[in-house]
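> Sequence and predicted structure below; questions after.
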Amino acid sequence: MSLVRVFIPTTEGPVAIERITREPAAQSAICVKRTTRVLPISAAYDAFVRAPSGVIEREFGPWDVSGPRGAFRLDVSGPITDGESWQLGVFIAHALAAENRLAGPDDEVAEALWITGALDSDLGVGAVGHVAEKLHASADLIDQHIKEGTALRFFVPDTNLKSMTAREDIESTAVTSAKDIQRHLNLLDEADAPASVIPAPPIPANAAPEPQSGNGLRTLFTVLGISILVAGAGAFIYFDQQPIKTVPPIVVKEKSAPEPVKAAQVKPAPKAAPKVVVAKPVTAKVKPAPAHVPTLKVYELRAAAGSSCAAIQFSDAKPVKRALGPVSGDQLADSNVAGLCGLEFEVAVGPEDRFVSAAVNLTRGRFVRNRLPETLKGNLATKGNLRWRAHVPKRLKRPVRYNISVSISKTPISGLAAQTQTLTARHRILP
Amino acid sequence: MTIQINLPDDQSMATVQEHFADEDNVRQTLTAMREAEPTIAFSRLWRFASGEVTHDADLLTALRHDSKLAADVNALLQKISWSHLPQAAAASTDEDLRLRETDLCAIRIESSRAEPDQVYVIIELKDAEANAPRTLITSAAGGTLERLELPAAQGGVIQVLLQHDDAVLIALRDHGTEVFLR
Amino acid sequence: MEIVEATRHVLEAGKSSELTALLATVADATAMDGEPRFATKISRDLARAVVCRKYSRGVLQLCHLVNAVDACGTGKDRWERFFFGLDKVRGTSIRAWLNEAVNQNDWRRPGFEISVDGLHMTYSDGDFVLGFGRMSFLTALLETVIGMVGYEPVDKIFAQMTKHATDQDEVKDAANALNRLIYDWLRDHLPGTHAAEKFEAIVAYLKTSSDSGSVQVSDENILQFWLQQNNGHADAISDFRTYRSAVGSFVDFLRAIETGSTQSMVSYARPLGTDRDAGEIDPMVLEGDDPAGAWQTPLALLDSPPADAIKFLNKREREGLDFLMDCGPLAIDLPLSIMRSEVFGSVQARITQALRRKAGNNVVQDLLGCADAEPYAERTLRFHDYEQHLLRVQKAVLHVLTREDPGPDTDQDPDLPEDADTTNVVPLFAGKTLPDGAREQSLAAFKDLNRRGFSEDDLEDPNIREGFSIGAGALVLARDHLADYLVVLARLQSDDDDLEQVFSTDLQVFQSLFTVMYGEKE
């Protein structure tokens, strides 16, 4: 029985999947170097594993039918930070582990696989981002395999194939389904063979450019690409969710395609892996419309007739509020300090609990008081409308410039780990 | 230079003496305060218990030596915690605890099969929709307090992986330890 | 031969280390940025309220405040969040907290209202009003009470009270329960006072030099009294162990005579300052301790919000002026007592510190020889320096108070609030016009002071501006007092026995007694 090592490429370098163990735990987890360091993507891994929505239990389970609930522990050689490009490799690792063919760190292996790709519930492979960087970061691994003469095979989503051209000394295989690799590894029953599999053509010149990232599994709040939509009269600014890109089909050039072979005839190639492309278009997933679009509004606060800024700043006097409209992008209309008591910021989070982190970055000048509520520090779930105020100096020698950035996430916001939706605004107060 | 005083009569003198006593007490106290060794203010205890401050080495040291402070922090934690798991029953003190349970949750301790030196601490919320706790604090009988920031709950379960000699785990397994979930 | 054991000499009789440690803990409590959580004056007022057992009114107010914050807070720890969640405890932050809490949660129970000055509570049997400024003191009081009796009993009392507090009797019951706990704790921890013995010792000493009802207090007989109390009593624990405490006791005695003799004629409603928007300074803190006209050190105002946000004096200046300012006008009649306290009192403090930390014999011997005692002439020069500094600060304050206010709010003047304590300030700066020379000087002084509060950016903060308004009066008072004292010192310098001569004589006296008190034993 030949052992196979699976590498998940990351922009920091390839990460080997070293072991998969069934544990008496409640949630599946990914641990680094067999330590207690649990990676933040473990929650996503647990969802990837757990039936009914997760593919691992569905494809390879069930386990623990009569015993206590269990879960998987997946040990890796290094950190995998975020994204979904690990899914295909992890799936294949599970498939290998189910046959006791997943190599440990000290095992001698028949071949090693370099696999990147997101996976949907039908085991269809979706495009991922930064493949060229991941390939670049794998240079040492590739050189080592070349030097040792051991097999290292590369599997990438078909739409990412162009990104693999940076190295001419490797052959890459485009895949559209996890089964393509399972088949290569002889892990499939014959019943799972496809009706038609054709060897891959050369990478087409008009292959679609590599998308930044994203596939149909992405949740409502996964936002990586940002566009600003400004509604003029309402003076609200928000970033919409990233539009889901339609992935064009790979064009298969007839002249370069060898004779199609039947699935039953597909065997793992002894040295070179076949390039496999299923000649059907990848269907763009339709994303549900958002239930609520978070907004950020900025208001000027001025004293009403008979009142004063001091009354607003130090007692309950109600100010006259005026919403600031955008003039360009996230740039709000300038304010004049004369008579301006302060600013009020309002974030409409929506009806569901979210974690919100706000930052007011003064690039010039200062506010007299600018204290963010605790609920805007990213570690407390909140909903509805959040407001806070900044008081403005009475007189200014120079303009006050600031920008405000509000991040909204389903999970606590710490560093860059959380997937966030970001709202921004820029504003000036003139003397 | 001289200050001339006509001493008051005995009755007034008693009043004067009371005033003197007050002034003297205040002066002595303020003088002594300059030399006094401040301890841990309750506001500092509250900051720690409420999670506003997560690391306070001096406080943790003081708790081991000041039983009154330890009683205060336990009472405070008991009041503000999401769930309080008191000391376990004395009948089962022979072996390490593997399960603690309240109306709101159960804390299960499971050894890893893959790594025998590692242990899963699994907090299962009885209401999966409830706001999940974010911090686990153990308070040992000797005043030692340990704190563990918890990851977010998934489907009503919070899971942490610890080394078997982790102070929090040792405390959790000790029957005499009270556990607070915040 | 050996150095006499430190503790026998260092400890004043009858002190409760637990109480002083607790008060020091509250005074020393810090906000998240490391700055004191309470203003210095709050800590002093707290110490006075506790050791003089004048806390019951505060406890009642505290219970009303707990009732109110319970009615507008959220979570299980409603009152704790208010009292301990506040970072820097000031009237302004308290008001902001309450406003925010009410805006977010509204009142959970009826009968409460936030006014401009504070909280208005309506009960079935009457109203109760509490100013924002008072709440800082009550917060410190609560922190102290929990430090005394523990959290759980206090929480139980408050929990019981907030269940039923629809009339004031319920609140009074809670206050009484709390008072009992405090009383019991203090019974075991309040210093076993030696005040009676000290008082009698002073009276007896003064009477020995007079055969009538009239007695005299002077620099000379204070020194003689201290020598008499300690000379030849190396092993005895004296109530007047330190020279400074002896002088302090005479000052207290003279004040008590003044207060006790005139008590029936004076009002106890002397306001200390203003209670403007924030109501920072609250005369209720003193609970009627001070009769009208009694001296209050002007530095207390500088220790209180909002003036405490400005660094008018650094630590050395503050310490160098503290005792003189504390003694007030009595310093003018007892100038050498102040000087001796400053110079030889400091030497004595260093001796006791060295003994406490078990310093080497040679170190202690050097200190006993008073080799580093600051000669009176040099100390006088240092007082002159302080006076010059106060003048510079006054000029800088002048700049703040007279600078143009281009702000749009013409309906009020933030620099000179109409109800601010601007005694000594308003007449001085009336009309806010200055000759050009004075304006330039004040601006230069302001720019030269590289301290917290003294920058144009700082002045954009209304709290800082108000701090200058309040601090201005205190600075004028402090400098006037210092100037008076310097005049007296100048007179002494021109006497036949000038200050150098007096210092030389005193040096021998203190060397001799320190050696008896702390030196080697046969």
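Structure's in. What do you need?
> As a check, name the ranges of all helices in chain B.
Using DSSP state H, the helices of chain B run over residues B:10-35, B:42-50, B:57-65, B:67-80, B:167-173.
> The fourth one and chain A in contact?
What it means is helix B:67-80. No: residues of helix B:67-80 are not located near chain A by CB under 8 Å from any CB of the partner chain, the shortest gap being 15.1 Å. Where C-beta positions appear, they are placed from N, C-alpha and C, glycine not excepted.
> For that helix, buried residues please.
Under the neighbour-count criterion of 16 or more other CB atoms under 10 Å in any protein chain shown, helix B:67-80 has B:69-70, B:72-80 buried.
> Mind listing residues that contact that helix?
With CB atoms under 8 Å, 6 or more residues apart in numbering or on different chains as the test, helix B:67-80 has contacts from B:39-40, B:42, B:45-46, B:48-50, B:62-64, B:84, B:137, B:139, B:143, B:145, B:178, B:180, B:182, C:75-77, C:80, C:146, C:150-152, C:155.
> CSV for the helices of chain B, including distance to residue A:85?
Below are the helices of chain B laid out as CSV (distance: least, CB to CB, whole Å):
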stretch, distance to residue A:85
helix B:10-35, 63
helix B:42-50, 40
helix B:57-65, 41
helix B:67-80, 42
helix B:167-173, 34
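> Tell me which of those helices sits nearest to residue C:441.
helix B:10-35 (37.4 Å; CB to CB).
> Skip the chain neighbours and tell me the closest residue to residue C:60.
Distances taken as CB to CB, 6 or more residues apart in numbering or on different chains put residue C:175 closest to residue C:60, at 4.2 Å, once the chain neighbours are dropped.
> number of nearby residues for the one you found?
23 (other CB atoms under 10 Å in any protein chain shown).
> mind checking pLDDT for the residue lying closest to residue A:300 once chain neighbours are set aside?
With CB to CB, 6+ apart as the criterion, residue A:300 has its nearest non-adjacent residue at 4.6 Å, and that residue is residue A:322. For residue A:322, the model assigns a pLDDT of 89.
> Okay, buried residues for the one helix or strand residue A:322 maps to please.
For residue A:322, the host element (DSSP states H and E) is strand A:320-323. Residues A:322-323 are the ones in strand A:320-323 that count as buried (16+ other CB under 10 Å).
> Just want the residue of the stretch 301-431 of chain A that's nearest chain B.
Closest residue of the stretch 301-431 of chain A to chain B, CB to the nearest CB: residue A:411 (5.9 Å).
> Give me the phi and psi for that residue.
Main-chain torsions, residue A:411, degrees, to the nearest 10: phi -120, psi 160.
> Distance of residue A:407 relative to residue B:149?
20 Å (CB to CB, to the nearest Å).
> Any regions of chain B where pLDDT drops low?
Along chain B, segments meeting pLDDT under 70 span B:89-95.
> Pick out the residue nearest the middle of it.
residue B:73 (3.3 Å; CA atoms, centre = their mean).
> hang on, the earlier thing: residue A:407 and residue B:149: which is more packed in?
Taking other CB under 10 Å, residue A:407 and residue B:149 do not tie; residue A:407 has more neighbours (23 against 11).
> tell me which residues form a beta bridge with the more buried one?
residue A:357, residue A:422 (DSSP bridges).
> Surely it is in contact with residue A:377?
No: counting by CB atoms under 8 Å, residue A:407 sits too far from residue A:377 to count as a contact (10.8 Å).
> Mutual contacts of the two, please.
With CB under 8 Å, 6+ apart as the test, residue A:407 and residue A:377 both reach residue A:357.
> What is the subsequent helix or strand relative to the one helix or strand residue C:163 maps to?
Secondary structure from DSSP H and E places residue C:163 in helix C:151-164. Proceeding N to C from helix C:151-164, the next assigned helix or strand is helix C:168-189, under DSSP H and E.
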